[in-house]
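Colleague: model this:
(chains A and B)
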Amino acid sequence: DGGITQSPKYLFRKEGQNVTLSCEQNLNHDAMYWYRQDPGQGLRLIYYSQIVNDFQKGDIAEGYSVSREKKESFPLTVTSAQKNPTAFYLCASSIEPGGTSSPLHFGNGTRLTVT
Amino acid sequence: GDSVTQMEGPVTLSEEAFLTINCTYTATGYPSLFWYVQYPGEGLQLLLKATKADDKGSNKGFEATYRKETTSFHLEKGSVQVSDSAVYFCALSFGPGGSYIPTFGRGTSLIVHP
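Modeller: Residues are numbered from 1 along each chain as shown, chains lettered A, B, ... in the order given. Next comes the predicted model:
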C-alpha cells in the first residue's frame, strides 16, 4: 500500500544536539511538507518542497533545515538553534502543487523530546 | 491573508448526539475546502472535501456544505459514536495561480461519551 512513513515514532535528544527526522513516501507525489504541532496551536508549516532539489521556508523555518535530493524523501533536521524543539512533527505530501482539490496525505508523525 | 476559524473545543457529546463543528474562512477567491481528522497519536487523514460553492462533501456519516455566501464549511454528523472522538481540522487551499499551501484551522477536539 502507498503511504508516508515517518521514523522513528519517538525520538529523544539532549539539548545542543542536531537531530534528523525521516520522511519517505511511495505515492509518487511531487509536493512534500513538514508541519509542527503543539497543543492548542494547530499545524504550523516549517518547510515545503514542490519538486526535487527545491524547497521553500514556511512560517517557522528558523532552527530547521531540509533537503530534497530524491522525490520520495524529505528529511527534516532540527538544529541546536531551534529554541523550543520538543513537539510533534508531521510530514505530508500532495499529488501536485497547485492542484486545487489535492488533499494532503500525512504520515503518523514523530514525537521529539529534547531535554 | 487567508485564514480558517474553527469553534474552540473540546466539544463533549453523548453517543448518538448530533454534531456540528463550525468552520468559517477568509480568502480572496474561491478555495477548495477540506475537513481532516486526527486520532490520538496519529497523523491527519482527509475526511471530506468540497471544491466549489454549494458542493457537499460526505464520508463516514459526516457532511459539510461549501457555503460561499456565509464563507462557511460546517461539519455535521447526525449520530456520533465513541470512535469519532478525535481532533477535527478545517482547511482551505487554492489551485494554480494562488497559494496552494493549505491553511489549517486550530483544530477542534471532539469527545464522545458512551
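Colleague: Outside of stretch A:49-67 itself, list whatever touches it.
Modeller: Here stretch A:49-67 makes contact (Cβ atoms under 8 Å, 6 or more residues apart in numbering or on different chains) with A:30-34, A:36, A:44-48, A:68-71, A:74-79, A:81-83, A:85, A:97, B:101. For the C-beta atoms, the positions are set from N, CA and C on the backbone; glycine is no exception.
Colleague: Using CSV, write out every CA atom in it.
Modeller: Extracted in CSV, the C-alpha atoms of stretch A:49-67 (Å, rounded to 0.1, in the frame of the first residue of the first chain):
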residue,chain,number,x,y,z
SER,A,49,9.1,21.4,-1.4
GLN,A,50,7.3,21.4,-4.8
ILE,A,51,10.0,19.4,-6.8
VAL,A,52,13.2,17.7,-6.2
ASN,A,53,16.2,19.9,-5.3
ASP,A,54,13.9,22.8,-4.5
PHE,A,55,12.3,23.8,-1.2
GLN,A,56,10.8,26.9,0.5
LYS,A,57,10.6,28.2,4.0
GLY,A,58,7.3,28.1,5.8
ASP,A,59,6.1,30.2,8.7
ILE,A,60,8.5,28.8,11.3
ALA,A,61,11.7,27.7,9.5
GLU,A,62,14.2,29.2,11.9
GLY,A,63,16.3,26.5,13.5
TYR,A,64,15.3,23.8,10.9
SER,A,65,16.8,22.6,7.7
VAL,A,66,15.6,20.2,4.9
SER,A,67,16.8,18.6,1.7
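Colleague: contacting residues for the closest residue in space to A:Gly42 that isn't next to it in sequence?
Modeller: With sequence-adjacent residues excluded and distances taken as Cβ to Cβ, 6 or more residues apart in numbering or on different chains, A:Gly42 is closest to B:Arg106, at 3.8 Å. By Cβ under 8 Å, 6+ apart, the residues touching B:Arg106 are A:40-42, B:6, B:8.
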